[in-house]
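S.K.: Output the structure for:
(chains A and B)
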Amino acid sequence: MSNAANFPILSTILFTPIAGAVLLLFVNKRQENLIRWIANLVALLGFLVSVPIWFWYDPAGPQYQFIERVPWIPSIGADYFLGVDGFSVLLVLLTTLMGAIAVLSSWTAITDRVKEYYVFLLLLQGGMIGAFVALDFLLFFLFWEVMLVPMYFLIGIWGSDRRLYSAIKFFLYTLVGSVVMLLGILALYFHLHDVTGAYSFDITKFQAMHAPFDLQWWVFLAFFLGFSIKVPMFPFHTWLPDAHTDAPTAGSVILAAVLLKMGTYGFIRFSLPILPEATKASIWWVAGLAIIGIIYGALVALAQKDWKRLVAYSSVSHMGMVMLGLIALNPVGITGSIIQQLNHGISTGALFLIVGIVYERRHTREIAEYGGLSKVMPVFAAIFMVMMLSSLGLPTLNGFIGEILILQGAYTANIWWAAVAASGLVLGAAYLLWLYQRTMFGRLENPKNEHLRDLSLREIVTFAPLVVLAVWIGIYPAPFINRTAPTVQAVMQRVNPEYARASAAAGARQAPKIADCDENEPLTPFTTAPCGDAAEGQAPPPPAAPEGGGAPQANPAGGRH
Amino acid sequence: MDLIWLIPLLPGLGALVNGLVGVRAFGKRTAGLVANAAMAAALALALYAFWQLLSLPADAREHTVRLAAWIPPIPLALGNGAIGGFTVPWGFRLDPLSGLMILVVTLVGFLIHVYSTGYMHGETRGAYARFFAYLNLFAFFMLVLVLGDNFLVMFVGWEGVGLCSYLLIGYYYEKQSASDAGKKAFIVNRIGDWGFIVGIFMVYGTFGTLDFRAVADAAGPMGVEAAGFGTLSIITLLLFIGATGKSAQIPLYVWLPDAMEGPTPVSALIHAATMVTAGVYMVGRNAVLFSHAPMTMEVVAVVGVATAFMAATIGLAQHDIKRVLAYSTVSQLGFMFIAMGVGAFAAGAFHLMTHAFFKALLFLCSGSVIHAMAGEQDMRRMGGLKPHLPITYATMLVGTLAIAGIPPLSGFFSKDEILYRAFLDHKVIWGVAVATALMTAFYMYRLMSLTFFGAYRGPAWEAHGGRADHGHAASGGGHGHGGGGWRGPHESPRSMTVPLQLLAVGAVLAGFVGVPAALGGGNAIEHFLEPSFVARTAAPPGATAPATHEARGLGEAAHAAESKGGEGTGHAAHLSRSAELGLMALSVLAGIVGIAAAYRIFVRAPEIAETLARRWSGAHRVLSNKYYVDELYGATVVAGTMGAARGLWAFDRSVVDGAVNGSGWLTVSSAWVSHALDKYIVDGLVNLVGAVLEAGSFVVRRVQTGLVQNYALVMLFGVFAFVSVYLFVR
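M.R.: Residues are numbered from 1 along each chain as shown, chains lettered A, B, ... in the order given. Now for the predicted structure:
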């Protein structure tokens, strides 16, 4: 770890956008371009300061790294406690990148109340980062709630059509979920006190706790409501299409790319490791809802006439896939779930940016208003094509990696899950190709579209990192997969210890040390390695287990890009 | 051979250059040059690699190159409960089967690239570069498909070629029918891919690896599932579903005829010679799995023969020259699946190769005809073109004789081998296949007759002073008659005729690598390919490797030089040499009868055709409407899906969202019965601001630790409160 100086990197990442927001308050609101420049620079800086954790995070080290901890409310045992594992590193980077992209994409789209807009956008960013780096449950909850406010204003003030309805729906719906979730947190909190005699909101302590099944069950339900509304899972998804449709482009991008991940983050960070027994008791109906979501979302997307609402429903389908992967409760499924969360952020974020591009030019989202745009906007058409293909899971692009891992994991859990869920891929191709055909192909018949501008340099720059990431994850996902290993390993230790043992045996030297590791099980030799020769690249090791066959972090050199 | 990964990569780079730079900056010459150079280099490398492969001893002809871990190992339980590691390398493997395929793909691909420089010259600059970028991209994915050493890398190519097919079918994207056809191709293929990918999951669950060699070696010692429908049967059946999509077999063949919306070189390369054979190739790749699942094999053979027969009947009644060829492709692919289904993997691969030559040739000839006719594709408006297009006529005749199975052209050897093996397996399949062969000869000669013989039925050119400039022939796709300048049917430029001549040579000679023993040959290709179809582990009795003919020394063709004599494993039931020759004569006879009948009906006495069509008008209508299968699918699958989509969308709005809105409404009405919605919003916000402020002050009161972070947090609240008030009070 190169963070030798004990530099508070997480606080820096967390407070950069917030500081930027404060700075903007002191700028005259008439100097709109100055405000734009400052917001863009702050957002870029916010991304740059987060890049080191990609390099410094050591998948072979302890699960949580870059720990910062100071008492916050000692009387109730709440700390300002930050730390990240591989999973949150990826999500933090996704947040800072998408944040910068969202800010950059708003340059010409927002002309009204510019200053307030950027202040909210940066505050939102701070809130999201906070939720991903908090290791104190109360602190997490604080950020979780705090995010709602700027998003509410972004939709309510800069949205379109029925923006107030959508904003309130978004706010109240998620608020209901989080209130119930808070009850769950408090139940765990008091139980921890009963067991240990001390009050604490320390997440790592919760993750080590063995709560009785009854408590687990009720808390699981409470968490489920909170998280599944955020994901959103069928049937709690109806706030999403409204919120997406009416939000400004940047709001949709952030909502899809990052905010929805709060739900799946919650499942992997809290529900699975803290409530393993309740989780295992629930896999059937959770998987059922996930699969319904995949197919339902795709079918409803097929029926849409509104470009943005179509993408929103595709989100429901894709997030169903993410849920299916994590509820498979095996390493491949959860790894796929995490990778797919990034992928969804990248591709769906890009698809919302794409709608934003044409919406800004034509002020309509009706698919029927478009057609033949390839003719006048070739660069746009090419980027749209790539992101569409990434979204429908074409191999060599990112979506495929996530989907194949999720479905392979689901197959291992239950063959029918994979068989049914895979049909979502067919529907995914159907609604995306049809959308593309209706908007980009055909004759350009609507005279209003005849003089549409192709992408400006700024717009190309907003898409460029997403295209690069889509290809990178598609062709060489190892650095990403390796970083998720400690998280997956820790979750496995709780929900499916056999896997944890197998990986520990396979990569004993590099096995991540989990804070709450009860005891080291005797290492059983990792004998079943029929894939042994397939596992290794050029230099075949002894025919026994491949180096780190179970622990993907065996290839840290490859990860350092 | 360590550089085999460069073979796909070179066209990949070509695609990248043309796609990123070419479409904006390159002239047509540069764009064509880049694409052709990339293909030529790939061809040279492929030849070199193949030569190296030949120089190895027969049992060592397998070379694997792994570039990097694509998916690093992640633990995953297998079907038997043991925990394995799910991992996939970027691995490529050269062995006889993939060696044959890279030769076919690069050679035919290169010729079609050359042809395209002539055929597409009427396109605009950017569109021309775009076309070549797609074509190169296709070659890239196709080569990845055949060289991949595991299921997932093959799947990359598999989906990739599907994408290129989509892009190229929809190349004239302003044309509704073209973009519809592209979409249809992609989605129908995806339906097949569902089976393929679930099959892949099952392969991993069963074997713990996705490596072809490792899977084959692990499957080798397993029992043949003759009695029941076991795991291997399910796996192979799922994989075969994938194959029916890509290789256009019943029930997923419907996309291929529509794919003719693409430019003709695309039809030749992708929808005849290479991509559509990927399903056949995949079955051959997994020959060990399939030969352990006799029930699946039966399904494969039956689907193959049914498709072959049905497509041939449709081909009898089509008027569009490209559609005849498209159904002929479907039919010939059916023949390849018959071969796979009866365990004659080598024969199937052999037919794949010869078909690549003569079908690419036939399509390119049809392209030349269309080019000459300024975009006309309807054979009813052709006729008598022979004197105008001497080279096209001659080469197309070669292709027709080859596909009809007239000795000694290539199609004879490969088709006869399949028929012979089908005869050994099942007489009914053989009988239907021979009937299909007869129809093949008939509809192909019908095509020749309608196009080249008889009276010219096309538009007059002197009277009109010209039709479309021949340069625009291609860009119109279908019936592109445009401005003036068409000076009547004319032979195509050299860039088009030279590939025709070269392919014709291939269509004549390609068969000599597989001359059967009965004719004194060594069937070199079968011995060459065999190591690709067997496990390296001992097989239990019954799991016979594909039977081969007895081979005696070297074959006749130069390619046969490396054949190893007399080492065939697992001899199938043999017929006497005379019986074999009898069968051969019968299949040749079928071809001759078909041609003769077509000659009689369409050249000597065209009125017979009309009489027949009238007398059998019902059957004729059913055939020319392709058995109404498209209509059937439209009314069931498509309408069902769209109905479900609309129904669920209504359900989503009314029921699911209705519940949400309903509970919201209940809350609102119980709290503020008489207040308007606006009031509610404003109040709600003010209350919220208050709550946030209160929470903030709570923090301030409770926490006075003097820590910077805490003050920053407090600041966060302050900012929220401040901004909220600011926004709503002003």
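S.K.: I'd like to know which elements whichever strand or helix holds residue B:413 is packed against.
M.R.: Taking DSSP states H and E as the criterion, residue B:413 maps to helix B:410-425. Judged by 3 or more CB pairs under 8 Å, 6 or more residues apart in numbering or on different chains; DSSP states H and E, the packing partners of helix B:410-425 are helix B:294-316, helix B:321-341, helix B:345-372, helix B:390-404, helix B:427-452, helix B:494-509, helix B:577-598. From N, CA and C alone the C-beta is placed, and that goes for glycine too.
S.K.: Try it again at 6 Å.
M.R.: Judged by 3 or more CB pairs under 6 Å, 6 or more residues apart in numbering or on different chains; DSSP states H and E, helix B:410-425 is in contact with helix B:321-341, helix B:345-372, helix B:390-404, helix B:427-452, helix B:577-598.
S.K.: The closest residue to chain A within the stretch 251-400 of chain B: neighbour count?
M.R.: Residue of the stretch 251-400 of chain B nearest chain A, by CB to the nearest CB: residue B:252 (11.7 Å). Using other CB atoms under 10 Å in any protein chain shown, residue B:252 has 23 neighbouring residues.
S.K.: Check residue B:403 too.
M.R.: 30.
S.K.: Does it touch residue B:411 like I think?
M.R.: Yes: the pair formed by residue B:403 and residue B:411 meets the contact definition of CB atoms under 6 Å, at 5.0 Å.
S.K.: State the helix or strand in which residue B:90 lies.
M.R.: strand B:83-94.
S.K.: Just list what the helix or strand that comes right after that strand packs against, helices and strands only.
M.R.: Downstream of strand B:83-94, the first helix or strand assigned by DSSP H and E is helix B:96-119. Counting by 3+ CB pairs under 6 Å, 6+ apart, the packing neighbours recorded for helix B:96-119 are helix B:28-54, helix B:125-147, helix B:264-268, helix B:345-372, helix B:494-509, helix B:524-529.
S.K.: And the ones you listed: which comes nearest residue B:108?
M.R.: With CB to CB as the criterion, residue B:108 lies closest to helix B:345-372 of the helices and strands packed on helix B:96-119, at 5.0 Å.
S.K.: Show me what counts as buried in the closest one.
M.R.: Buried residues in helix B:345-372, counted by 16 or more other CB atoms under 10 Å in any protein chain shown: B:345-372.
S.K.: got it, and stretch B:316-332?
M.R.: Neighbour-count burial for stretch B:316-332 flags B:316-318, B:320-332 (criterion: 16+ other CB under 10 Å).
S.K.: and which of the residues you listed is nearest residue B:244?
M.R.: Using CB to CB, these come closest to residue B:244 at residue B:330, 10.9 Å.
S.K.: Can you give me the pLDDT of the closest one?
M.R.: Note on residue B:330: pLDDT of 93.
S.K.: Nearest residue to it in space, ignoring adjacent ones along the chain?
M.R.: residue B:311 (3.8 Å; CB to CB, 6 or more residues apart in numbering or on different chains).
S.K.: pLDDT score for that neighbour?
M.R.: On the pLDDT scale, residue B:311 gets 93.
S.K.: Verify the stated contact: it with residue B:325.
M.R.: No: using CB under 6 Å, residue B:311 is not in contact with residue B:325, being 11.1 Å away.
S.K.: residue ranges with poor pLDDT in the stretch 451-561 of chain A?
M.R.: A:503-561 (pLDDT under 70).
S.K.: ditto for the stretch 451-600 of chain B
M.R.: By pLDDT under 70, the low-scoring segments of the stretch 451-600 of chain B are B:461-486, B:538-574.
S.K.: go again using 50 as the cut-off
M.R.: The model of the stretch 451-600 of chain B has pLDDT under 50 over residues B:463-483, B:539-572.
S.K.: and the longest helix for the chain?
M.R.: No chain specified, so I'll use chain A. helix A:163-196 (DSSP state H).
S.K.: sorry, should have said chain B
M.R.: Longest helix in chain B, counting by DSSP H: helix B:176-207.
S.K.: Check which residues of it are buried.
M.R.: So for helix B:176-207, counting by 16+ other CB under 10 Å, buried means B:178-207.
S.K.: which secondary structure elements does it contact?
M.R.: helix A:423-440, helix B:151-169, helix B:231-246, helix B:255-258.
S.K.: could you check the angle helix B:176-207 makes with the helix or strand just after it?
M.R.: Counting by DSSP H and E, the next helix or strand C-terminal to helix B:176-207 is helix B:212-219. Interaxial angle, helix B:212-219 versus helix B:176-207 (axes from the mean of the first three to the mean of the last three CA atoms, to 10 degrees): 50 degrees.
S.K.: Give me the helices and strands touching helix B:212-219, please.
M.R.: helix B:287-291.
S.K.: Please work out the average pLDDT along the helix it packs on.
M.R.: Summarised as a single mean, pLDDT over helix B:287-291 is 92.
S.K.: neighbouring contacts of it?
M.R.: B:216, B:219-220, B:232, B:236, B:283, B:297, B:343, B:345, B:533, B:535 (CB atoms under 6 Å, 6 or more residues apart in numbering or on different chains).
S.K.: Of those residues, which is the nearest to residue A:480?
M.R.: Nearest to residue A:480 among these, with distances taken as CB to CB, is residue B:216, at 31.6 Å.
S.K.: any weak-confidence spans in the stretch 251-400 of chain A?
M.R.: For the stretch 251-400 of chain A, no range has pLDDT under 50.
S.K.: hey, where'd the strands end up in it?
M.R.: Ranges of strands in the stretch 251-400 of chain A, per DSSP state E, counting those that start in this stretch: none exist.
S.K.: Spell out which residues of it are next to chain B.
M.R.: A:299-300, A:302-303, A:331-332, A:335, A:374, A:394-396 (CB under 6 Å from any CB of the partner chain).
S.K.: try it again with 10 Å
M.R.: A:295-305, A:309, A:313, A:316, A:328, A:330-336, A:339, A:371-372, A:374-375, A:378-379, A:381-382, A:385, A:389, A:392-397, A:400 (CB under 10 Å from any CB of the partner chain).
S.K.: Now, of the residues you listed, which are buried?
M.R.: For these, a burial check counting by 16+ other CB under 10 Å picks out A:295-304, A:309, A:313, A:316, A:328, A:330-336, A:339, A:371-372, A:374-375, A:378, A:381-382, A:389, A:392-397, A:400.
S.K.: hey, which strand is longest across chain B?
M.R.: When chain B is parsed with DSSP state E, its longest strand is strand B:63-77.
S.K.: ugh, wrong one, I meant chain A
M.R.: strand A:65-73.
S.K.: Tell me the helices and strands packed up against the helix or strand following it.
M.R.: Using DSSP H and E, the helix or strand that follows strand A:65-73 in sequence is strand A:78-84. Secondary structure elements in contact with strand A:78-84, counted by 3 or more CB pairs under 10 Å, 6 or more residues apart in numbering or on different chains; DSSP states H and E, are helix A:9-25, strand A:65-73, helix A:86-105, helix A:114-133, helix A:137-158, helix A:203-208, helix B:708-729.
S.K.: can you put the ones you listed in CSV and add mean neighbour count, distance to residue B:666 and mean pLDDT?
M.R.: Below are the helices and strands packed on strand A:78-84 laid out as CSV (neighbours: other CB atoms under 10 Å in any protein chain shown; distance: least, CB to CB, whole Å; pLDDT from 0 to 100):
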stretch, mean neighbour count, distance to residue B:666, mean pLDDT
helix A:9-25, 22, 37, 94
strand A:65-73, 18, 37, 91
helix A:86-105, 26, 36, 95
helix A:114-133, 27, 31, 94
helix A:137-158, 23, 22, 91
helix A:203-208, 21, 35, 91
helix B:708-729, 17, 27, 57
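S.K.: Which one, of those, ends up nearest to residue B:609?
M.R.: Checked against CB to CB, the stretch from the helices and strands packed on strand A:78-84 lying closest is helix A:86-105, at 63.8 Å.
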